[in-house]
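Student: This is a predicted model, with the sequence first.
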Amino acid sequence: MFKIVSDGSCDFSSAEVKQYGIDVIPFYITFDQSTYLKEGVDISKDGYFNRLLNEKNLFPKTSQPNPQDYAEVYTPHLKAGFDIISLTISSKLSGSYQSAVIASEMLKEEYPERTIAIIDSESACIGQGLILKEIIKMRDAGLNLDKTVENAHKVLKSTNLYFTLDTLEYLKKGGRIGPTTALVGGILGLRPIMQFIQGTVSQIDNVRGKKKALELMQEAAVEVLRDAKDNVSVSVGHILSEDDALKFKTNIEKELGIKVEDQVTEVGATIGTHAGPGAFAFAYCRKYACL
């Protein structure tokens, strides 16, 4: 038996963390560059994004868990005789994976007989969350650590995550796009449709209006999943855009004739700082049992 740990990018609720019997190590948020709050511990997702929405001059930043944060979670499990599988956000987006590796190296001498398998999800938010849930299913099915790690890498290679934004303002604030691009995009009402590819973000389309963006994403999802609907797990996420997410989920279920098991997910600050309120995301991955 092994224990499962993830960084906070998986966007599990506190209820899910308890339900699945895992540990989640939160990211940090700062509004003033000196006081750092743990997401989901010191500040809620809603509290964070409502501040972002209502305080226009606010420019918060996020910071990954440090090696000590990981070591403090790993140590009790190692001491109790458990191995660990630890899942992180894409290493191309954050230093969280490296923090986990450093923590593992720190503890190796003290617990040489134990294994800490660190997996780079090559994804984030609901994409990472889907991979995490497949790992949980493997644990509950009695798979050993080595087989679970092997399958987890196959699952993550099958994971696709798409999202669209309500505004380009937060990408501008984060330096991801220039002010001219943001201004033109705002005037024209442009909405980028973006995808995670091998751990990085790539823009695949640019359409006018959020309604059109959601329609295109729905059409693409139905087309891609129609012949694989029984073999994949699906997740829908949002930032202060629950109505859009619920409508998308309902439409997908109707079009494909399936039941999306996961409830819609509130995307957290790790990705949300750059996406901003109103963002919408859709992800799917292959079920480990169907590999």
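Tutor: Okay, I see it.

Student: what sits up against the helix or strand containing A221?
Tutor: Here A221 sits within helix 210-225, counting by DSSP states H and E. Outside of helix 210-225, the residues that reach it under the criterion CB atoms under 8 Å, 6 or more residues apart in numbering are 160, 162, 164, 166, 191, 193, 205, 207, 232, 234, 244, 248, 251-252, 255-256, 278, 280, 282, 284. Placement of C-beta: from N, CA and C, glycine included.

Student: switch to 10 Å and redo it
Tutor: 160, 162-167, 189-193, 204-207, 209, 229, 231-232, 234, 236, 241, 244-245, 247-248, 251-252, 254-256, 258, 278-284 (CB atoms under 10 Å, 6 or more residues apart in numbering).

Student: and the gap between S96 and G47?
Tutor: Separation of S96 from G47 (CB to CB, to the nearest Å): 22 Å.

Student: Settle it for me: which of those two has more neighbours?
Tutor: S96 (29 against 12; other CB atoms under 10 Å).

Student: buried ones in the helix holding A221?
Tutor: K210, A213, L214, L216, M217, Q218, A221, L225 (16 or more other CB atoms under 10 Å).

Student: And stretch 80-87, by the same measure?
Tutor: By 16+ other CB under 10 Å, the buried positions in stretch 80-87 come out as D83, I84, I85, S86, L87.

Student: and the nearest residue to the second one once chain neighbours are set aside, how many neighbours?
Tutor: In other words, I84. The shortest distance from I84 to any non-neighbouring residue, by CB to CB, 6 or more residues apart in numbering, is to I116 (4.6 Å). Using other CB under 10 Å, the number of residues around I116 comes to 24.

Student: same thing with the one 10 residues further on?
Tutor: Taking other CB under 10 Å as the criterion, the count of residues near I126 is 30.

Student: Kindly reformat the buried residues of stretch 80-87 as JSON lines containing distance to T265.
Tutor: Below are those laid out as JSON lines (distance: CB to CB, whole Å):
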{"residue": "D83", "distance to T265": "28"}
{"residue": "I84", "distance to T265": "24"}
{"residue": "I85", "distance to T265": "21"}
{"residue": "S86", "distance to T265": "21"}
{"residue": "L87", "distance to T265": "16"}
